[in-house]
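Student: just need the structure, nothing else, for what follows:
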Amino acid sequence: FYYSLANGVRSIPADKSKSYNSRYYVDCSSYVTWVLYEYARANGNAAMQNYFSYQRNSATFASIGSNGGNAYLTVVNGLANAKTGDILVTPGHVEFLSSYTKNSNGTYTIKVYNCGSDSSIQAPGITTSATRYPSELSYILRVK
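Tutor: Okay, the predicted model is just below:
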């Protein structure tokens with residue numbers, strides 16, 4: 001996977017523990033971990049960069065949420081308080097929030113940045129999350 005950055009193109013290292021048909025791939029937690037690593041690197045936060053220098057999984061992000069956050073991420077109370085770039089944690093999945101709207105039938109349309117899910121891996125950029133209700137979110141995390 002290659003993503004364009006202001007200072008050039010950078011690849012996301014595939015998680016060597018995940019393979020399909022003998023090919024390594026990047027999943028949602030690999031993507032989120034990589035983005036947080038690059039954020040820390042760009043902002044000169046060596047401790048945060050070290051923390052995100054190896055593969056985290058969705059269970060790690062859920063654990064951070066259940067512990068009330070950690071040195072790098074804080075818990076956001078509710079979708080109404082979420083901002084673009086916050087990390088949405090659902091059982092077995094993590095993704096970055098782009099935007100959301102409440103539909104007339106009470107469901108939500110939540111737009112997220114491509115994080116490697118089966119549907120979003122087919123389309124680059126912003127995709128629609130499978131999450132339709134705020135109650136389906138385990139945690140929302142924000143970089144401190």
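Student: now do the contacts for residue 111.
Tutor: Residues near residue 111 by C-beta atoms under 8 Å, 6 or more residues apart in numbering: 97, 98, 99, 100, 126, 127, 128, 129. Bear in mind the C-beta positions are built from the backbone N, C-alpha and C, glycine included.
Student: neighbouring strands for the strand or helix carrying it, and are they parallel or not?
Tutor: Secondary structure from DSSP states H and E places residue 111 in strand 108-113. Note on strand 108-113: by DSSP bridges, its sheet partners are strand 93-102 (antiparallel), strand 126-128 (antiparallel).
Student: mind listing what's buried in it?
Tutor: Within strand 108-113, the residues scored as buried using 16 or more other C-beta atoms under 10 Å are 108, 110, 111, 112, 113.
Student: now it: mean pLDDT?
Tutor: Mean per-residue pLDDT for strand 108-113: 93.
Student: please work out which of the strands paired with strand 108-113 is packed deepest.
Tutor: Across the strands paired with strand 108-113, averaging neighbours per residue (mean count of other C-beta atoms under 10 Å) puts strand 93-102 on top, at a mean of 19.
Student: okay, and the beta partners of the residue nearest the centre of the chain?
Tutor: With distances taken as C-alpha atoms, centre = their mean, the residue of the chain nearest its centroid is residue 95 (3.2 Å). Listed beta-bridge partners, residue 95: residue 88 (assigned using DSSP bridges).
Student: that one and residue 113 touch, don't they?
Tutor: Yes: counting by C-beta atoms under 8 Å, residue 113 is a contact partner of residue 95 at 7.0 Å.
Student: show me where the chain has its strands.
Tutor: For the chain, applying DSSP state E gives strands covering 2-5, 8-11, 15-20, 23-25, 73-76, 87-90, 93-102, 108-113, 126-128, 139-143.
Student: neighbouring strands of the last one in the sheet, and parallel or not?
Tutor: To tie it back to what came earlier, the one meant is strand 139-143. Strand 139-143 has these strand partners (DSSP bridges): strand 73-76 (antiparallel), strand 87-90 (antiparallel).
Student: quick one: mean pLDDT for the last one?
Tutor: Model confidence over strand 87-90, given as mean pLDDT, is 96.
Student: got the contact list for the residue nearest to residue 89 when sequence neighbours are not counted?
Tutor: Nearest residue to residue 89 in three dimensions, chain neighbours excluded: residue 139, at 4.2 Å (C-beta to C-beta, 6 or more residues apart in numbering). Residues in contact with residue 139 (C-beta under 8 Å, 6+ apart) are 61, 62, 64, 65, 66, 75, 89.
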